[in-house]
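Participant: Mind looking at a prediction? Sequence and model below.
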Amino acid sequence: MVWDKTKEILQEELSDSVFNLWIEPLACVQVQDDRIRLACPDRFFSAYIAQNYLHIIQEKINEADARPRKVVLCESKYQPLPAPRGEQLRLPHLPAGRSCVRSLHPRYTFDEFMVGESNILAQSACRSMSVCDDSIGPCLYINSSTGLGKSHLTQAVAHLILTESPMTRLHYVTAQQFSSEMVRDIKANTMDGFKRKYHEDCDILLVEDVHSLTGKKKTQEELNEILDSLIKSGKRIILTANRTPRDLEGIDGEFRSRMASGLVTTIQAPDLATRQRIVRNKLHYHQLQLPEDFVIYLAQHIKGDVRQLESAIIAIRAKAKLMARTVDMELVREVVRTVVGVPKVLTAGTVSEFVGSQFRVSVQDMQSRSRRKALTFPRQVAMYLCRKHTQESLADIGRAFNRDHSTVLHSIKVVAGLAIRNTSIDEQVRLLSCKIEKL
């Protein structure tokens, strides 16, 4: 039988302790033409096998049988014998230490994260770190303003690792918690344990809000030493802050350099299309249905902190229920005014973002030097509408599109001429103009 042959090969390749502990308990429960199914005692056993020994099992199965079969792990009802009373079962080759994780938000997972142009690099990098993909290096630094998803992504990494690889030693703390823990251990004269925890008993370190270490020289030195040790050991690190490393004040130069030794990525405020998807997602979660016009209004007027979008949706739902009101546009406007204040005067940036969303092109595309018609026409329409609905000069509008004032003037003339000759374009421009007036 293929599994019996494979076990014989594995027994020669692995030490007795590893073979007896991790290979012997595996039971072959099904052999098919293209796969072989091995049953594990429980999901933790299965996760450890998948992370540490699945590759060699697959390799030796291919050696034992001419027909290639994929190894599939599953769980069985088998339970290992209990350890003798008074003795603790000691598992060889298990890493020392255990994960140390602060409370995780149940919805801060990758599935719940809304990906857009503003955050796709950070999201992709975090996924790579979660699955030990070393393509971005051992250190990832994410910075953004508050409420744009730094904590969501960091906790998504923790969720995924703790679910898929529960034996990974993951330490997740804020910089303030790290600093407080270090101070306690200094006072208690237990720094040896502190150093062992972070230097030796750690496979991935997640530290949030490193900007809060401003001026804390001793803590910076200690964390810098830990980063150096983990990077040299091939371990993984994710750091978050509200500014890039070079913009952090009161930070030691060597520590700053270490933090920037890997990928540094910035999460920008989400674009209009992403904000609309966020609104729909939050509405679904809070079991609230709103017309598409209301969704667009919320996304257009609440642009920064994503938490404000959820706050507005909660407020709309609560006001409608407590005041027995139908959710209409006036109620939505009231809530938006409460969340972000009185709407600001229209700007070229606001108009260009809106026009881009209507033509399904990004602002960055319209700012590019491309002369493709799919971009040229939306750009010209956006310039025309900027001139009509904002108080900005031709030069200001031009700067919003990386063009000079003469290009703006030419675009205005082109759109005005097309609108006179083509009733379809005239109607399209008029409809966009009406929508902008409601922003």
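Facilitator: Perfect, thanks for sending it. Numbers count the residues shown, from 1 in each chain.
Participant: When you work out contacts or count neighbours from here on, use the C-alpha atoms and nothing else.
Facilitator: OK.
Participant: which residue sits closest to residue 204 in space, ignoring its chain neighbours?
Facilitator: Among residues not flanking residue 204 along the chain, residue 236 sits closest, at 4.6 Å (C-alpha to C-alpha, 6 or more residues apart in numbering).
Participant: Touching, that neighbour and residue 138? I think so.
Facilitator: Yes: contact status for residue 236 versus residue 138: in contact at 4.7 Å, counting by C-alpha atoms under 8 Å.
Participant: Mutual contacts of those two, please.
Facilitator: Counting by C-alpha atoms under 8 Å, 6 or more residues apart in numbering, the common neighbours of residue 236 and residue 138 are residue 129.
Participant: sorry, back to before: list the contacts for the residue nearest to residue 204?
Facilitator: Residue 236 neighbours (C-alpha under 8 Å, 6+ apart): 129, 138-139, 203-205, 230.
Participant: how much space between it and residue 218?
Facilitator: Distance from residue 236 to residue 218, counting by C-alpha to C-alpha, to the nearest Å: 23 Å.
Participant: Show me where the stretch 251-400 of the chain dips below the pLDDT cut-off.
Facilitator: Low-confidence segments of the stretch 251-400 of the chain (pLDDT under 70): 341-345.
Participant: Identify the residue nearest residue 28 in space, chain neighbours excluded?
Facilitator: Nearest non-adjacent residue to residue 28 (C-alpha to C-alpha, 6+ apart): residue 38, at 4.6 Å.
Participant: before we move on, what about residue 433?
Facilitator: Per C-alpha to C-alpha, 6+ apart, closest to residue 433 is residue 385, 6.8 Å.
Participant: Helix, strand or coil: sort out the one you found for me.
Facilitator: In three-state terms, and counting by DSSP: H, G, I helix; E, B strand; the rest coil, residue 385 is helix.
Participant: okay, now it: neighbour count?
Facilitator: Using other C-alpha atoms under 10 Å, residue 385 is surrounded by 22 other residues.
Participant: Hmm, it is touching residue 434, no?
Facilitator: No: using C-alpha under 8 Å as the test, residue 385 is too far from residue 434 to be in contact (10.5 Å).
Participant: Am I right that residue 420 is in contact with residue 427?
Facilitator: No: Residue 420 is not in contact with residue 427 according to C-alpha under 8 Å; the separation is 10.4 Å.
Participant: Common neighbours of those two, please.
Facilitator: Common contact partners of residue 420 and residue 427 (C-alpha under 8 Å, 6+ apart): none.
Participant: Give me the spatial nearest neighbour of residue 366, chain neighbours excluded.
Facilitator: Nearest residue to residue 366, sequence neighbours excluded (C-alpha to C-alpha, 6+ apart): residue 379, at 5.5 Å.
Participant: So the one you found belongs to a strand, correct?
Facilitator: No: according to three-state DSSP, residue 379 belongs to no strand; its state is helix.
Participant: That one against residue 364, yeah?
Facilitator: No: counting by C-alpha under 8 Å, residue 379 stays clear of residue 364, with 10.7 Å between them.
Participant: Between the two, which is the more surrounded one?
Facilitator: Higher neighbour count among residue 379 and residue 364: residue 379, with 25 against 11, using other C-alpha under 10 Å.
Participant: Distance of the more buried one relative to residue 360?
Facilitator: Applying C-alpha to C-alpha, the value for residue 379 to residue 360 is 12 Å.
Participant: Then residue 182?
Facilitator: Plainly put, residue 182 is 51 Å away from residue 360 if you go by C-alpha to C-alpha.
Participant: same deal with residue 111?
Facilitator: Residue 111 sits 24 Å away from residue 360, going by C-alpha to C-alpha.
Participant: okay, these two: which has more neighbours?
Facilitator: residue 360 (13 against 9).
Participant: Could you check how far the more buried one is from residue 346?
Facilitator: In terms of C-alpha to C-alpha, residue 360 sits 21 Å off from residue 346.
Participant: all strands for the chain, in order.
Facilitator: Using DSSP state E, the strands of the chain run over residues 27-31, 35-40, 70-75, 100-101, 139-143, 170-174, 204-208, 236-241, 263-266.
Participant: how far out from the middle of the chain is the last one?
Facilitator: In other words, strand 263-266. Chain-centre distance of strand 263-266: 12 Å, with C-alpha atoms, centre = their mean, to the nearest Å.
Participant: and that strand, what other elements does it pack with?
Facilitator: Counting contacts by 3 or more C-alpha pairs under 8 Å, 6 or more residues apart in numbering; DSSP states H and E, strand 263-266 is packed against helix 120-130, strand 139-143.
Participant: how about the CA coordinates for it, as CSV?
Facilitator: Output in CSV follows, covering the C-alpha atoms of strand 263-266 (Å, rounded to 0.1, in the frame of the first residue of the first chain):
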residue,chain,number,x,y,z
LEU,A,263,8.3,47.5,2.6
VAL,A,264,6.8,50.8,3.7
THR,A,265,3.3,51.4,2.4
THR,A,266,0.8,54.1,3.0
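Participant: who does that strand pair up with?
Facilitator: Neighbouring strands of strand 263-266 in its sheet, by DSSP bridges, are strand 139-143 (parallel).
Participant: tell me the mean pLDDT for the strand it pairs with?
Facilitator: Average pLDDT, strand 139-143: 95.
Participant: for residue 112, phi and psi?
Facilitator: When read as degrees, to the nearest 10, the backbone of residue 112 gives phi -90, psi 0.
Participant: count of residues packed around it?
Facilitator: By other C-alpha under 10 Å, 15 other residues sit near residue 112.
Participant: tell me which residues of stretch 220-229 are tucked away?
Facilitator: Across stretch 220-229, burial judged by 16 or more other C-alpha atoms under 10 Å covers 220, 222-224, 226-227.
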